[in-house]
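Peer 1: Quick one, structure for this:
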Amino acid sequence: MTPRTGDRPGTLHAWFAASAARHPDRTALEADGQTLTYRELEDFSARVADGVLRARPDPPRRVGLLGGRSPATYAGYLAVQRLGATVVPLNTAWPGARNASVALRAGLDLILTDGTGGPHELPVPSLDLADAAGGSAQGPPLPAEPGAPAYVLFTSGSTGAPKGVPVLHDNVAPYLAHVIDRYEIEPGSRLSQTFDLTFDVSVFDMFAAWGGGATLVVPSRDEILAPVRFVNDRHLTHWCSVPSVISFARRMRALRPGAMPELRHSLFAGEPLTLQQARAWQAAAPSSRLENFYGPTELTITCSEFTLDTDMDHWPATVNGTVPIGHVYPHLEHRVLDAEGRPAEEGELCVRGPQRFPGYLDPADNEGRFWDLDGDRPADPAAAASGSATGPSGTVPAALWYRTGDRVRPVGRDGLLHLGRLDHQVKVDGYRVELGEIESALRDQPDVHDAVVLALPTAHGGTELHGVCTGDALDSGTLLAALRERLPAYMVPALLHIRHELPLNGNGKTDRAALAALLHEVPAATAGRGLR
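Peer 2: Reported below is the predicted structural model:
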């Protein structure tokens, strides 16, 4: 049962510690063939935390975490929280340059690693988790302030550099209280953990499970692609993933009617959930409550929810064939606004409330991302934060509304329907991608004059990135190889086209619609194909 508001834990570590105290012998984690009780995971994380303190003179402020799907990685995440520090997840699948860039931008004091993913050249000191856990657990937790950052995640940035999003313990607490109750997470529940730690929904996976006294069940990457087998073999009660997993399972002919009879809750986030995908999953898990939930990283994981009726005849019919994102959480406020910040029937979703982050790690990234509906619009967060009574200097005042950049339309009792992005930010495999960052990386390559990246639909209902470059003597294979050295795999275009020129519209700007039409006519054999 979720604690009452007055009794609610104030930090991520406190959510875990409360369950460890109540249920020490229940299973907290199943990962990489190992099973740990709450008592064992608590001891593991305490030994790592003490190892960090032995390795450096002062407690760290920000700690990177570079590991795979191992018990040590999850113990490391908890250890950082136990130290009252901020965790900054890195990714073993990212190029070294990407991890190094994030480490420097985050101002990390230390990076914890579990030894997976091969050698890593890191710009700050590192400590192996096994070495850190080699001693005994002696020191008590160093509690963080609820108003301190719990984690920082880096999202794709339109200027060519990733943006740091700090999320406070105070932001996460109301979120966990809401979702643990809503999804009936309790001792005996078994939750999947399909998301990488660099993806914000991983925080839901971990701390909704641990906050409710449940078991976190971590699949290998191969098991994620066989969800039906994983759900049944591991007796999951709760599944959470990006919707593209459904499409993959359908192509593998795995979603037979009634294939997952024990599943109670099915949650999808990270990209639009189509009604076609939802029907296939619901038929395979007929006893499951299927829900679409939505939210940008800046609003702490998810901020709205829509539950589909178990009777498919009562499902909504939408203009774009996607499941509505539904109703914004009751403890948050939202507005639908036009480009001038005025109320609109269809427009940008803007949200404020306790889940709204305090502003980007680099204050320059706050520009244009907030509305002040009581004053100047758009707001100047830097000026508003200076000496503000609503928060410490350098934070964006709580009264300002975060501009999601998502276009929505109210659809009666079904809440909100997501109609796409207002800018060139898209979702690929559930990850948020700024096309401008990929274009910037392409333009940095020798002899490239200009570059455009488009997100185009695939025959299977997914999204595929296509890059288009102009320049002298360009080779698509060489360019794609250079991108793979710099960007995560999901940001590398599936196809790269070399053209003499880009189509322009009447204003002299690149005509992206015309370019997309041209690319639909180009056979794949004539373009360089990336490896995803």
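Peer 1: What about the nearest residue to Gly96 once chain neighbours are set aside, how many residues nearby?
Peer 2: Nearest residue to Gly96 in three dimensions, chain neighbours excluded: Glu121, at 5.3 Å (CB to CB, 6 or more residues apart in numbering). Placement of C-beta: from N, CA and C, glycine included. Around Glu121 there are 8 other residues, counting by other CB atoms under 10 Å.
Peer 1: My guess is Glu121 contacts Ala97. True?
Peer 2: No - between Glu121 and Ala97 there is no contact, the gap being 9.2 Å when judged by CB atoms under 8 Å.
Peer 1: Now do the contacts for Arg377.
Peer 2: Going by CB atoms under 8 Å, 6 or more residues apart in numbering, Arg377 touches 340-341, 371.
Peer 1: Pull out the buried members of those residues.
Peer 2: When these are checked for burial by 16 or more other CB atoms under 10 Å, the buried set is 341, 371.
Peer 1: Could you chop the protein up by domain?
Peer 2: Residue ranges for the domains of the chain, per automatic domain parsing: 20-144, 428-529.
Peer 1: Relative to Gln276, which of those domains is closest?
Peer 2: With CB to CB, the closest approach to Gln276 among the domains of the chain belongs to domain 428-529: 6.9 Å.
Peer 1: How far off centre is the closest one?
Peer 2: Distance of domain 428-529 from its chain centroid, counting by CA atoms, centre = their mean, to the nearest Å, is 24 Å.
Peer 1: Out of the domains of the chain, name the one with the poorest average pLDDT.
Peer 2: The minimum mean pLDDT among the domains of the chain belongs to domain 428-529 (a mean of 85).
Peer 1: before we move on, the earlier item: which member of the contacts of Arg377 is positioned nearest Thr86?
Peer 2: When those are ranked by distance to Thr86 (CB to CB), Trp371 comes first, at 27.6 Å.
Peer 1: what about Gly117, neighbour count?
Peer 2: For Gly117, the neighbour count with other CB under 10 Å is 17.
Peer 1: What segments of the stretch 51-200 of the chain are strands?
Peer 2: For the stretch 51-200 of the chain, the strands defined by DSSP state E, counting those that start in this stretch occupy 62-66, 86-89, 110-113, 126-128, 149-155, 163-168, 190-192.
Peer 1: want to throw these into TSV with distance to Asp376 and mean neighbour count?
Peer 2: TSV is the format used below for those (distance: least, CB to CB, whole Å; neighbours: other CB atoms under 10 Å):
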stretch	distance to Asp376	mean neighbour count
strand 62-66	33	24
strand 86-89	31	25
strand 110-113	41	24
strand 126-128	45	16
strand 149-155	26	24
strand 163-168	23	23
strand 190-192	44	25
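Peer 1: Need the ones you listed in JSON lines (columns: distance to Val323).
Peer 2: Below are the strands of the stretch 51-200 of the chain laid out as JSON lines (distance: least, CB to CB, whole Å):
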{"stretch": "strand 62-66", "distance to Val323": "33"}
{"stretch": "strand 86-89", "distance to Val323": "28"}
{"stretch": "strand 110-113", "distance to Val323": "38"}
{"stretch": "strand 126-128", "distance to Val323": "42"}
{"stretch": "strand 149-155", "distance to Val323": "24"}
{"stretch": "strand 163-168", "distance to Val323": "26"}
{"stretch": "strand 190-192", "distance to Val323": "19"}
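Peer 1: Out of those, flag the one nearest Glu464.
Peer 2: strand 149-155 (20.4 Å).
Peer 1: What angle do strand 163-168 and the closest one make with each other?
Peer 2: Between strand 149-155 and strand 163-168, the angle comes out at 160 degrees (axes from the mean of the first three to the mean of the last three CA atoms, to 10 degrees).
Peer 1: Average pLDDT for strand 149-155, rounded please.
Peer 2: pLDDT averaged over strand 149-155 gives 96.
Peer 1: And the contacts of it?
Peer 2: Under CB under 8 Å, 6+ apart, the answer for strand 149-155 is 11-12, 62, 81, 86-89, 102, 105-106, 144, 162-169, 171-172, 198-200, 203, 297, 361, 432, 434.
Peer 1: Also stretch 275-286?
Peer 2: With CB under 8 Å, 6+ apart, stretch 275-286 has contacts from 228, 231, 239, 243, 246-247, 249-250, 255-261, 263, 266, 268, 288, 290, 292, 308, 310, 312, 315, 317-318, 321-323, 461.
Peer 1: Please indicate which of those are buried?
Peer 2: 228, 231, 239, 243, 246-247, 249-250, 255, 259-260, 263, 266, 268, 288, 290, 292, 308, 315, 318, 322-323, 461.
Peer 1: Next step: the residues you listed restricted to strands.
Peer 2: Counting by DSSP state E, the part of these found in strands is 239, 266, 268, 290, 292.
Peer 1: Which one of these is nearest to Leu479?
Peer 2: Phe268 (33.9 Å).
Peer 1: How confident was the prediction at the nearest residue to that closest one once chain neighbours are set aside?
Peer 2: Closest residue in space to Phe268, ignoring its immediate chain neighbours: Pro243 at 4.8 Å, by CB to CB, 6+ apart. For Pro243, the model assigns a pLDDT of 89.
Peer 1: what sits against Pro243?
Peer 2: Pro243 touches 268, 270-274, 277, 430, counting by CB under 8 Å, 6+ apart.
Peer 1: Go through the residues you listed and give me the one with the most neighbours.
Peer 2: Leu273 (28 neighbours).
Peer 1: That one against Asn292, yeah?
Peer 2: Yes - counting by CB under 8 Å, Leu273 touches Asn292, with 4.5 Å between them.
Peer 1: anything in contact with each of the two?
Peer 2: Val323.
Peer 1: re the thing from before, out of the buried ones among the contacts of stretch 275-286, which sit inside helices?
Peer 2: 228, 231, 246-247, 249-250 (DSSP state H).
Peer 1: Which one of the residues you listed is nearest to Pro140?
Peer 2: The closest of those, once distances to Pro140 are taken by CB to CB, is Val231, at 38.9 Å.
Peer 1: and the gap between the nearest residue to that closest one once chain neighbours are set aside and Pro125?
Peer 2: Distances taken as CB to CB, 6+ apart put Met260 closest to Val231, at 4.9 Å, once the chain neighbours are dropped. Using CB to CB, to the nearest Å, Met260 is found at 45 Å from Pro125.
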